[in-house]
Each structure stands twice: as structure tokens, then as C-alpha cells.
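Engineer: Just to be clear, the model below is a prediction. Sequence and coordinates:
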Amino acid sequence: DWKFGFYDIRTKEFDSISWANPNYLIVKAVGNDRGNSMPAGTPHMIWNGSTYVLSTANRDAVGPYDCIVTYGTAKNILTVGAVDILPNGFVSTPINTMSYSSWGPTDDGRIKPDIVCGTNSTSTPTSTNDSAYSSLGGTSMAAPGATGSLLLVQQHFYNLKNRFMKSATLKGLAIHTATNCKTTLGPNYESGWGLLNTAKAVQTISDSVKNMIKEYNLLNNDTFKFIISVNGIDTVRTTLCWTDPPAIVGAPAYNDTTPKLINDLDIRIVRNSNSQVYLPYILNPNNPSAAATTGNNYRDNVEQIYLPNLPNGTYTILVTHKNNLQNNAPQAFSLVGSGFLLTATLPVKWMNFEGKNLGEKVQLNWRTVNEINNAGFDIERSTNNQNFGKIGSVKGYGNSFVIQKYDFIDELNNFTNIDPISDKLYYRLKQIDFDGNYHYSKTISIDAPNTVSYTHLRAHETGRNLVCRLLLE
């Protein structure tokens, strides 16, 4: 059936809803189609190209791979497969999915399901009476188990941070902390990234010393850099996740491999001492049973690097993108990391800083993409690009993970201790943290307004002679 693994209009609608609501994580059961078949000779209806007709031809069993139906393949949702209940918790690998739990990949080779969860849960799927409970199986019972668990993880994050994670962050955290179900490392098309591990997700939130959970915006043609310190003992894991714009729906086709990723972000880890580059996991949809390798991932909006034996030292985590981002607009992304210390990151990620001569005054505008611990900005002015003085201040947003716009009007007063003899004015922003640390923006220059008039006596020494001149503007 061409619908298995296909990105159809309903799939796009799921991605569109997620794109429009970046804090809303949709959890979807992967489906129970794997292994479905019918006895030979069983009459059934088939489509002959123009109408349905009766047939007794033998039909192939569904699967084992490529048997996730349509919107279970959406990029931005969390697709959940089923494993049996583990009464003693995780003991050892392998943990096999239930015989009916559908396997990926999607037609364009993306990793689905994302995770697996225990099924045969006691719940309220029966309507015998108002207090009736029953225990049912299927991925439709694994998905609500994952949903309830992740809601508690979100609640724990809010209790500690006083804000909610974006859907990409929660999804990335679930994938980052999942327990591997196979004896080989990395994801697979059977159980995705592994068994949901709520306790580990909560621990990652609580322990901020060697774990990080970050939300940023990547500008078009920009690079994000994080400097980390590795002790040579802890296993390093980084997971990049983002909510991707909805893709174009193609005509119905069997195994349409057209990529559905719109904004193709990439994560790399570079060893600073020798520039060695470490790559994320990838899977090969042409050989779906093969173990994961590492390489350039151009299919998934989740990328993970796992490094159990890194030598001690400093490393750089890089987040970049291929081609242009859609509409050249910033792309929000989430990064979850474990096993290292974050040693350097700027509290403010600038988007732009601009100025305009209004004739009698100067207007300054700037935007930030992210703010961490930002108390605000001092605006500083100079006429010689050397001696700067404060002319005003603007309050910051503290912690912000969306684009913030700022403006300031310089009324062109307060030239104290600044040489005004120049046809240029220079401005810079002094960003100040709540803890008192500060960082400077770039310096911009603007033509001085024509209405600025003053007399000033300036002396300078030429050789041994002191030359004075009167400058009148």
C-alpha cells in the first residue's frame, strides 16, 4: 500500500499544527499494522486503477519495515511504538517491540517511531459503566502512557525553571534520555531512539552541572558555538531537535523518497586540540535492518552525537544549517547535552544593531534572538570611536527565547568628556548580566546630524610645536 510511510495531507496538517504552536507536542501511536495478512484465497476488494473489484489473489503480509501509516510519519510529532510491560524496569537489552508495533522508515528515510513505551495499561477504554476500567494492549495504549509521563516531566521543568519547554525541547529530551533497546548503539527503524526513560529525563533537568537544556534561534547563514569541557570519563551525548516547517505533499506514489526536511540543521562536535570532527547518527533506509552509523544527516529533524570515550579537553559544539532557511527566517532549535561542562556561551545572541540619522536626533534599533540572564543595555556614544560615554539605558527581558525588539532615541545632548569634532557618531551597546558581567556589541557609525552646532577648541601637538585652531560648526 502506497500510504505506508507516505507524507500526505494529514501528515502535513499535523506538522502545520506543530509549526504554528511551538509549545504543543503531539504524541501519536505508531500503529498496529506490522504482520497483518490474510489467508490465501480470501476474497477481498482491490483498486484496479479506476474502481474497486473483488479479488482472491494472495497478498503480501504487512512489513516488517515501512508499515507506518501516513500521519504517524509527521516530522514534528512524537511517534510511539509498543513494548511489553517491564515489571522490574529495564534489566538488559534487547527489548523487542510487540509483534504488531509498526516499524519505519518513512518513505524519505526518516527515523520513525521516535520512541517506544510499555503497553497493556489499565485505563478507561471501555464504556461498560461510569467507573469501568480494563487493560488493553496496542500502540494506542503505549502512546497515552508516554503522554502522561512527559506531562509530568514538563511539570517538573516548570517547577524548577518557571517556564515550559517548547515541544522540540520536550521531544529532544525524551529522545536524549531514552534507553537503547538494541545491543548495537544508536537509533533503529524498529524502536526508534529507545524506551522512554522518565526518571532519566527528570534527572537531566534537575542536574544542571553536567547536563544542559537550551533553546535558541539559528539565523540564516549563521553558526551557533558552544565551548565544552570534557573530563575523559563521562560519556558525552548531544541531541539537536527542531520543529520543522510543513513539507509539500506530492502525488500518491509508492515509496516516494523526496526529502520532507525543509530546514536542514546540522550538529557537529570538534576537538579543539586537533580539529577532529565528530558526526551524528544516521540510518540507511535502503538497508533498514542495518545498525546505525555516523555521517551527514539530511533527513531527520533530530540529530544526536554519542561519544563514550572522548579524551579530556575542550571541544566545540557547532549548530549550522545547509542551504538557506525557509524565507531566510530564523529557525528555533533545542539542544540537550550530557557528560560535559558548558564553559562559554554568550548571554545575548544578537540579530542586528542599526542606527539612522533623523536630522535632529539619531534613532537606534536592535534585536536579539536569545537572552540569558540579561539585565539590560547601556547605550554608549563616541565621536572618535575611542572614548565612549553612556547616554542612556534600556531594560532587558532576562531570559528570552524569542526575537525581542529594542529602540532608543539619542537627543544629541551630553557630550561631556567626549571630543565632538567629527562628522561621524559612533555607538555601541553594553549588555549587562544580572550578576554584573557585561559584553559589548559591535560598534556602528552614523553620519552626524547637520543641526549639531557648537564651538570647541582643540589642541594637538605637531612635533615640538603646540598648534591651536578654532573650529566652528
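Structural biologist: Done, it's in.

Engineer: low pLDDT regions in the stretch 251-400 of the chain?
Structural biologist: When residues are selected by pLDDT under 70, those of the stretch 251-400 of the chain lie in 344-346.

Engineer: Relative to Ile262, how far out is the residue lying closest to Ala332 once chain neighbours are set aside?
Structural biologist: In space, and not counting its chain neighbours, Ala332 is closest to Asn217: 5.2 Å by CB to CB, 6 or more residues apart in numbering. All C-beta atoms are positioned from the backbone trio N, CA, C, and that covers glycine. Distance of Asn217 to Ile262, given as CB to CB, to the nearest Å: 16 Å.

Engineer: quick revisit: pull the number of nearby residues for the residue nearest to Ala332.
Structural biologist: 20 (other CB atoms under 10 Å).

Engineer: same check, this time on Gly138
Structural biologist: Count around Gly138 with other CB under 10 Å applied: 18.

Engineer: Equivalent analysis for Tyr24, please.
Structural biologist: 13.

Engineer: next one: Asn384
Structural biologist: Residues near Asn384, counting by other CB under 10 Å, number 13.

Engineer: how about Val13, phi and psi?
Structural biologist: Quick fix: residue 13 is Glu, not Val. When read as degrees, to the nearest 10, the backbone of Glu13 gives phi -60, psi -40.

Engineer: quick one, what contacts it?
Structural biologist: Glu13 makes contact with 71, 246, according to CB atoms under 8 Å, 6 or more residues apart in numbering.

Engineer: Could you measure from it over to Thr106?
Structural biologist: Taking CB to CB, one finds Glu13 at 16 Å from Thr106.

Engineer: can you check Arg10 too?
Structural biologist: Separation of Arg10 from Thr106 (CB to CB): 14 Å.

Engineer: Which of these two has more residues huddled nearby?
Structural biologist: Applying other CB under 10 Å to Arg10 and Thr106 shows that Thr106 carries more neighbours, namely 29 against 14.

Engineer: which residues in the chain form helices?
Structural biologist: 9-20, 139-161, 167-176, 198-206 (DSSP state H).

Engineer: Tabulate those helices (a markdown table), appending mean pLDDT and distance to Arg268.
Structural biologist: Below are the helices of the chain laid out as a markdown table (pLDDT from 0 to 100; distance: least, CB to CB, whole Å):
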| stretch | mean pLDDT | distance to Arg268 |
| --- | --- | --- |
| helix 9-20 | 97 | 26 |
| helix 139-161 | 95 | 27 |
| helix 167-176 | 98 | 17 |
| helix 198-206 | 96 | 22 |
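
Engineer: Asp222: which of those is closest?
Structural biologist: Of all the helices of the chain, helix 167-176 sits nearest to Asp222, with 18.0 Å by CB to CB.

Engineer: how far is the longest strand along the chain from where the chain is centred?
Structural biologist: Counting residues, the longest strand in the chain under DSSP state E turns out to be strand 362-382. Put simply, strand 362-382 sits 25 Å off its chain's centre (CA atoms, centre = their mean, to the nearest Å).

Engineer: List the buried residues for it?
Structural biologist: Going by neighbour count (16 or more other CB atoms under 10 Å), the buried part of strand 362-382 is 362, 364, 366, 368-372, 374-382.

Engineer: Kindly report the same for stretch 281-297.
Structural biologist: Within stretch 281-297, the residues that count as buried by 16+ other CB under 10 Å are 281-283, 285, 288, 292, 294, 297.

Engineer: Just the ones of the residues you listed in strands?
Structural biologist: Using DSSP E, the buried residues of stretch 281-297 in strands are 281-282, 294.

Engineer: which one is the residue nearest the centre of the chain nearest to, not counting chain neighbours?
Structural biologist: Centroid-nearest residue in the chain, with CA atoms, centre = their mean: Phe333, separated by 2.4 Å. Counting by CB to CB, 6+ apart, Phe333 lies nearest to Trp242, which is 4.1 Å off, once chain neighbours are set aside.

Engineer: any idea how far the one you found is from Leu341?
Structural biologist: 24 Å.

Engineer: ok, these two, which is more surrounded?
Structural biologist: Counted by other CB under 10 Å, Trp242 and Leu341 do not tie: Trp242 has more neighbours, with 29 against 14.

Engineer: quick one, what contacts that one?
Structural biologist: Residues counted as contacts of Trp242 (CB under 8 Å, 6+ apart) are 168, 263, 265, 301, 331-334.

Engineer: can these go into TSV with extra columns for distance to Thr314?
Structural biologist: Output for the contacts of Trp242, formatted as TSV (distance: CB to CB, whole Å):
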residue	distance to Thr314
Ala168	27
Asn263	29
Leu265	23
Asn301	29
Gln331	27
Ala332	27
Phe333	23
Ser334	23
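
Engineer: isn't Gly104 right up against Pro113?
Structural biologist: Yes. Here Gly104 reaches Pro113: they are 6.6 Å apart, a contact under CB atoms under 8 Å.

Engineer: Would you mind telling me which of the two has more residues around it?
Structural biologist: Higher neighbour count among Gly104 and Pro113: Pro113, with 33 against 30, using other CB under 10 Å.

Engineer: my guess is the more buried one contacts Gly192, does it?
Structural biologist: Yes. With contact defined as CB under 8 Å, Pro113 reaches Gly192; the gap is 4.3 Å.

Engineer: Quick check: neighbours shared by the two?
Structural biologist: In contact with both Pro113 and Gly192: 79, 81, 104, using CB under 8 Å, 6+ apart.

Engineer: Which pLDDT value goes with the second one?
Structural biologist: Right, the one you point to is Gly81. pLDDT, Gly81: 98.

Engineer: Tell me how many other residues surround it.
Structural biologist: 34.

Engineer: and it, how far is that from Met45?
Structural biologist: Distance from Gly81 to Met45, by CB to CB: 29 Å.

Engineer: same deal with Gln276?
Structural biologist: Distance from Gln276 to Met45, by CB to CB: 58 Å.

Engineer: What of Gln203?
Structural biologist: For Gln203 relative to Met45 (CB to CB), the value is 52 Å.

Engineer: neighbour-wise, which of these two wins?
Structural biologist: Gln203 (13 against 10).

Engineer: ok, now which ones touch the more buried one?
Structural biologist: Counted by CB under 8 Å, 6+ apart, Gln203 has zero contacts.

Engineer: Thanks a lot, see you next time.
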